[in-house]
Structures are given as C-alpha cells and as structure tokens.
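> Sequence and predicted structure are below.
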Amino acid sequence: MVTSFKGGVGKSTAAVNLAAGLAAGKYKVLIIDLDASSGSVDLFMGCENDALYNFCDVASGTVKIQDAVYTKKQTRGKSGEIYYSLDVLKSPSSYDIDADSADNAVREFIEEAKKIYDYVIFDCPSGKFELFESLAKNIDSVFVVTLHSAASVRSAEKLAFYLSENNVRGENVRLIINCFNPKGVSKGLNLGIVDIIERSKIKLIGIIEANNQIRDFQETGKTAYDFNIRNKKIRQPFDDIIGRILEQNIILNKKYDGYKTNGLYFKKEAKK
C-alpha cells in the first residue's frame with residue numbers, strides 16, 4: 001500500500017517504478033490504481049488505451065482477476081525478448097462497493113491475488129478514502145511517501161498516528177523520502193534524513209533523489225526499468241528499496257551530488 005495524506009508527493013512514481021523493478025526481477029507483480037479522482041498509473045505505464053477493468057470490477061465479482069488485468073510487456077530491442085511483464089488494474093471512476101461489505105471484499109480480493117502474484121501494490125489516492133481502512137487492515141506493508149518539506153513530513157506524521165489508531169503495527173509501516181534535494185539540506189533549506197524520520201516517527205526504507213528524467217519518462221509512458229532507458233542510475237533508488245523489501249542488507253552509504261551522506265543526516269543551521 002503506497003499512500004500519503006498529502007497530494008503531489010510522488011506516490012504513483014514510487015508505486016509504478018517499484019512494481020516495474022520487482023517485475024524486472026522476475027517476480028509476478030500486480031499494480032492497482034485506487035485513485036478515483038486522478039489515477040495515473042496507466043498513463044505512467046503507457047497503457048491508458050489498453051487497461052479496461054479496475055479493482056472495483058474485480059472486488060464486486062463482476063470479473064475475475066485473471067480476466068481483468070492488462071499485462072504490460074517490456075521487450076528487449078529487436079529480439080523481442082520479454083524483459084519484464086507487469087499486470088495492471090486501472091483506477092476506478094468511483095468506489096462501487098457497499099460500505100458494509102468493503103472489508104470482506106478487500107480481504108477476499110487480497111487472498112485471491114496472493115494465490116496468483118508474488119507482490120500486489122496498491123497505489124492509493126491522497127488522504128483517507130472509502131477503502132482506506134479496509135485496505136490498511138489487510139495488507140502486509142504500508143509505504144508512506146513524503147517530500148522533505150516540513151508540511152509534507154507533518155502529513156506523514158499524522159498518517160502514522162492514524163494507522164496506529166487503526167491497529168496497523170509500526171513495523172509494517174515504512175517511509176520513502178521522494179525528491180530528495182541534498183543541496184537544500186546542506187544550505188539549511190530542507191529537513192535532513194534523521195529530522196524527517198524523527199518527526200514522522202516512521203522507519204525509513206528508501207530515498208529517491210529529485211530527478212527530472214523520471215518525470216519526463218512518465219510523460220511518455222515509460223518506467224525507470226524500460227529497456228531503452230540509457231541512464232541506468234535512475235533505477236538505483238528503486239533497486240535499493242526493492243533490496244530492502246527482499247530483506248537484503250543495503251545500507252545508506254552513497255554520496256549525493258558530492259555531499260557526504262553523513263552531512264545530510266540533519267538540517268543545517270542557516271548562516272546568519
């Protein structure tokens with residue numbers, strides 16, 4: 001479950017690229033867009049004219065998962081070899097599930113999906129929505145996406161508190177810092193890594209640097225894992241998060257634009 005109480009933090013960017021990265025690792029993956037107002041997963045993956053069914057179609061019993069998904073296949077150059085394939089359920093126009101039966105519908109969907117897929121990723125809309133609590137009760141992990149602005153981190157803290165109130169265990173909640181700007185930290189303009197963790201009260205699972213290339217690829221329906229993407233470095237943040245999902249020991253030991261990582265741990269006092 002990829003979520004945030006604040007809009008514009010890059011939830012779909014994280015969800016789509018994590019799904020593609022897991023699929024490139026030969027895992028069977030389903031990504032589900034739950035944003036009824038402005039879903040964009042199908043746009044980011046270049047299948048807006050192909051994906052027909054949505055989560056509510058399946059959860060309401062209208063169609064089976066296997067018949068509802070659109071499978072995006074990324075091939076290798078002229079050979080046509082499949083590099084990765086990834087199943088997609090596009091965003092619903094509304095949540096056509098009776099409120100009284102939502103818990104059962106979500107639970108049954110997840111139980112069925114687990115029989116088919118190694119990983120199921122729900123890309124959620126901003127804030128609380130009709131299926132939020134039903135989903136939070138039944139998923140294995142919640143990834144809270146935040147920018148390193150004070151307002152965004154406060155939103156992450158409120159979400160963490162809300163999840164705790166709804167009995168979602170803290171060890172199942174992890175933080176992704178998106179659009180990380182090391183120069184902003186070094187100049188005292190943005191919160192540092194430890195500042196964000198302490199304020200949000202969520203354990204960190206990964207940092208995604210600010211990168212205009214990722215945004216540009218999304219506009220043309222590509223992920224960081226598409227075969228013809230030349231700059232492989234843009235995959236690294238997602239590879240690191242995926243490695244931690246797979247319980248690999250990947251530590252935060254890189255440099256960011258020439259700044260040592262230990263200089264980014266705390267927001268620096270602005271010079272007077």
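The structure has been received and is ready for your questions.
> which stretches of the stretch 151-272 of the chain aren't confidently modelled?
For the stretch 151-272 of the chain, the stretches flagged by pLDDT under 70 are 227, 229-231, 253-260, 262, 266, 268-272.
> which stretches of it form strands?
Taking DSSP state E, counting those that start in this stretch, the strands of the stretch 151-272 of the chain run over residues 173-180, 203-209.
> Serialize those strands to JSON lines and add fields for mean neighbour count and distance to P92.
Any C-beta I mention is one placed from the backbone N, CA and C, and that applies to glycine too. Conversion of those to JSON lines gives the following (neighbours: other Cβ atoms under 10 Å; distance: least, Cβ to Cβ, whole Å):
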{"stretch": "strand 173-180", "mean neighbour count": "23", "distance to P92": "24"}
{"stretch": "strand 203-209", "mean neighbour count": "19", "distance to P92": "27"}
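> wait, which of these is closest to S94?
Using Cβ to Cβ as the criterion, the shortest distance between S94 and the strands of the stretch 151-272 of the chain is 27.9 Å, found for strand 173-180.
> next one: phi and psi at I32?
Dihedral angles phi and psi of I32 (degrees, to the nearest 10) take the values phi -120, psi 120.
> What is the burial count for it?
Counted with other Cβ atoms under 10 Å, the neighbours of I32 add up to 28.
> which SS class is the spatially closest residue to it that is not a sequence neighbour?
Spatial nearest neighbour of I32, chain neighbours left out: L89 (4.5 Å); criterion: Cβ to Cβ, 6 or more residues apart in numbering. Three states are possible here, and by DSSP: H, G, I helix; E, B strand; the rest coil the one that applies to L89 is strand.
> Contacts only, for L89.
L89 sits next to L30, I31, I32, D33, A51, Y53, N54, F55, V58, A68, V69, Y70 when contact means Cβ atoms under 8 Å, 6 or more residues apart in numbering.
> D96 contacts C56, correct?
Yes. Using Cβ atoms under 8 Å, D96 and C56 qualify as a contacting pair, with a distance of 4.9 Å.
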